[in-house]
Every structure is written in structure tokens, then in C-alpha cells.
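A.B. asks: for reference, the sequence and a predicted model appear below.
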Amino acid sequence: MTEVIIVKNQEEAGQIYGRAVADLIKAKPDAVLGLATGSSPLAAYQALAKIVKDESIDVSQVRGFALDEYLGLPLEHPQSYHSTIHRTVVEPLGLDPEKVHVPGDILNGAPLEDGDKIALAGPAYDRAIEAAGGIDVQILGIGTDGHIGFNEPGSSLASGTRVKTLAEQTRIDNARFFDDDINQVPTHCITQGIGTVLKARHLVLLAFGSGKAEAIEETVEGGVSAFCPASALQLHPHATIIIDEEAASRLRHKDYYRYAFAHKPAWQGI
Ligand code: F6R
């Protein structure tokens, strides 16, 4: 079963992620972290940064791979995921920027028309993840339409990293980062595929607020379907879904998830 942990708030969720990842880095100093942008992981990155500082954990060898990037934005654009990952993860944690990769890095704003360059970027990214030994822990947010990374409904559950067209809903949701102007939100992206995500050894999906309740219901208790890309987590042997009460509000087996977590042996971790 996918483990569902229902928490009070984002801080509690962040603490659970932070502890798990800090322990991982202590055991494996060159751990490979899968990184996401968006609002859901922010408290988790802050919690991890605090533990790293308080416990003087050496993160100089930690490596990172982001999930996705907009197409057509130069790397230095403040809303490029390259900039966002550096601002929200690399700097607060004190990671070596050379060891943290974002799928659009080799494209650096190349236009969609530059097919030769763009078509090669996805497979090259998947090869780089494999060469690093694979991702140890992949943090994920979820879109209101069930997307993970930028894999919109209908994405192949076996997909690798590639170019995708963003759904209108995702552009509406993300307009808040672009002066509330949907016209500024790029129409295309490059994203790790669902198949790529499923290769990570541990998946941790975070979701907060009632706006995510329907997507969480489909993810956890619906059938596995490309129309809810996050439902692919049901196929993963080690997936942890950490959500608040509002995001959990439509789940039928909430009581069982609570009971199972409360009775989990501490040595299991998450
Ligand atoms: C971001 C990403 C997206 C977001 C999702 C939720 O790298 O991969 O799938 O995780 O759109 O976004 P927030 O967390 O802002 O609600």
C-alpha cells in the first residue's frame, strides 16, 4: 500500500521529510535528491535546511535532479525552475550548484522550434540520472488535475524525460508566479516522465489544502490511470504521501491510514 500520513500542517510534513532526508545524507553523503518546485515542498526544504545546520551535516557531496522546467525561459529568468531550485534548495541547504541539475539546463531558453537540441535533452537527462546511480528520494507535489512533474493527464505511465504541452489549468494555476498573467506562462515544458519518476527508490508526495482533495482521492483510492498521473504511485514499492486534513478530506480510508501510521514501528522510518 502507498503509505498515507495525515499531518496538521506543512511544517509537520516538512519535519518528516527533513528527518528522513537528513538521515539518508548521514548514511550516504553523496545521496541523490529528486527536487520539485512549486509551493508544496517549500516547508520541507526549510525543515531540511534547519536540520542540516543544527546537526552540522556535510552536504558538499549531495547531488540533485529537478523534475521539470519551462521551455523558452532563459536560465536566469526568476521563474525558470533553474532559478527557483537554486533559490529554494541550493542556497538554503548550501549544496554545490555544480551537482544540482535541472532538465532545461542544457537548453538555456532554446525555443521550441529548435527541435534538434530539444529532442535530445530528455534522453540525455535520463542518462545523467542513471549515471549518478539513480535518485534516492524524489519529492513531488501534485497538480489539481493529478499531474506530477509536468506530466499532465494522459501522459504515458512509462514515459521518460521529454517535452510536453502544459494543460490550460496548469498555466492558470501557475499564473500566480507570473504577475497573475497567464500569457506570460510558457506553453511547453521539459519534464521527467512518469517512468523516470517511478525509478526513484523512494517517492514522497506532499499536498495541502482542499484544492488538492480530489486529486489525492484519485491518486490514493482511484484506479491506476494515465488520467491521474499521480496514481502511478500505486505501482511504486516505496511511496509516501504526506497531506493535511483538507487534502485528505475525500479519502474513504482515512481512519486506517491514521491507525497504520500511529502503530508503525519507529525503526521503519518513512
Ligand atoms: C513542480 C512540479 C509540479 C508541482 C505541482 C504542484 O516542479 O513538478 O508538478 O509540484 O504543480 O504545485 P504546487 O506545489 O505549487 O501546488
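C.D. replies: Cool, the structure landed.

A.B. asks: the closest residue to the ligand within the stretch 101-250 of the chain and Gly34: what is the separation?
C.D. replies: With Cβ to the nearest ligand atom, the shortest gap between the stretch 101-250 of the chain and the ligand falls at Gly141, namely 2.4 Å. Yep, even glycine has a C-beta here, placed from its N, CA and C like the rest. According to Cβ to Cβ, to the nearest Å, Gly141 and Gly34 sit 12 Å apart.

A.B. asks: which secondary element of the protein has the worst mean pLDDT?
C.D. replies: Lowest on mean pLDDT, DSSP states H and E among the helices and strands of the chain sits helix 168-174, with a mean of 91.

A.B. asks: hmm, who's touching that helix?
C.D. replies: Gly143, Thr144, Asp145, His147, Phe150, Glu152, Ile182, Val185, Thr187 (Cβ atoms under 8 Å, 6 or more residues apart in numbering).

A.B. asks: and the second one, how far from Asp244?
C.D. replies: Pointing back at Thr144 there. Relative to Asp244, Thr144 is positioned 15 Å away (Cβ to Cβ).

A.B. asks: out of these two, which sits in the busier spot?
C.D. replies: Per other Cβ atoms under 10 Å, whichever of Thr144 and Asp244 has more neighbours is Asp244, with 21 against 17.

A.B. asks: what's the pLDDT at the more buried one?
C.D. replies: Note on Asp244: pLDDT of 98.

A.B. asks: i'd like the first residue to be 41 from this point on
C.D. replies: Yes, from this point I'll number from 41; that puts the last item at Asp284.

A.B. asks: C-terminal to the strand or helix carrying Val44, what's the next element?
C.D. replies: Applying DSSP states H and E as the criterion places Val44 in strand 43-47. Sequence-wise, the next helix or strand downstream of strand 43-47 (DSSP H and E) is helix 50-67.

A.B. asks: and that following helix, what's buried?
C.D. replies: Applying a neighbour-count criterion of 16 or more other Cβ atoms under 10 Å, one finds Gln50, Ala53, Gly54, Gln55, Ile56, Tyr57, Gly58, Ala60, Val61, Ala62, Leu64, Ile65 buried in helix 50-67.

A.B. asks: which intervals of the stretch 41-190 of the chain have sub-threshold pLDDT?
C.D. replies: Counting by pLDDT under 70, the stretch 41-190 of the chain shows low-confidence ranges at 41.

A.B. asks: quick one: the helices in it?
C.D. replies: With helices called from DSSP state H, counting those that start in this stretch, the stretch 41-190 of the chain shows them at 50-67, 82-94, 121-125, 131-133, 155-171.

A.B. asks: format the ones you listed as CSV; extra columns: distance to Ser196.
C.D. replies: Formatted as CSV, the helices of the stretch 41-190 of the chain follow (distance: least, Cβ to Cβ, whole Å):
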stretch, distance to Ser196
helix 50-67, 28
helix 82-94, 28
helix 121-125, 22
helix 131-133, 33
helix 155-171, 13
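
A.B. asks: would a markdown table of those helices with distance to the ligand be doable?
C.D. replies: Shown next, in a markdown table, are the helices of the stretch 41-190 of the chain (distance: least, Cβ to the nearest ligand atom, whole Å):
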| stretch | distance to the ligand |
| --- | --- |
| helix 50-67 | 10 |
| helix 82-94 | 8 |
| helix 121-125 | 6 |
| helix 131-133 | 17 |
| helix 155-171 | 14 |
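
A.B. asks: my guess is Ile179 meets Thr77, correct?
C.D. replies: No. Counting by Cβ atoms under 8 Å, Ile179 stays clear of Thr77, with 10.2 Å between them.

A.B. asks: overlap of the contact sets of the two?
C.D. replies: With Cβ under 8 Å, 6+ apart, Ile179 and Thr77 have no common neighbours.

A.B. asks: before we move on, the earlier item: more crowded one of Gly181 and Gly74?
C.D. replies: Neighbours were counted for Gly181 and for Gly74 using other Cβ under 10 Å; Gly74 has more, 26 against 21.

A.B. asks: and stretch 91-108, how far from the chain's centre?
C.D. replies: Chain-centre distance of stretch 91-108: 16 Å, with Cα atoms, centre = their mean, to the nearest Å.
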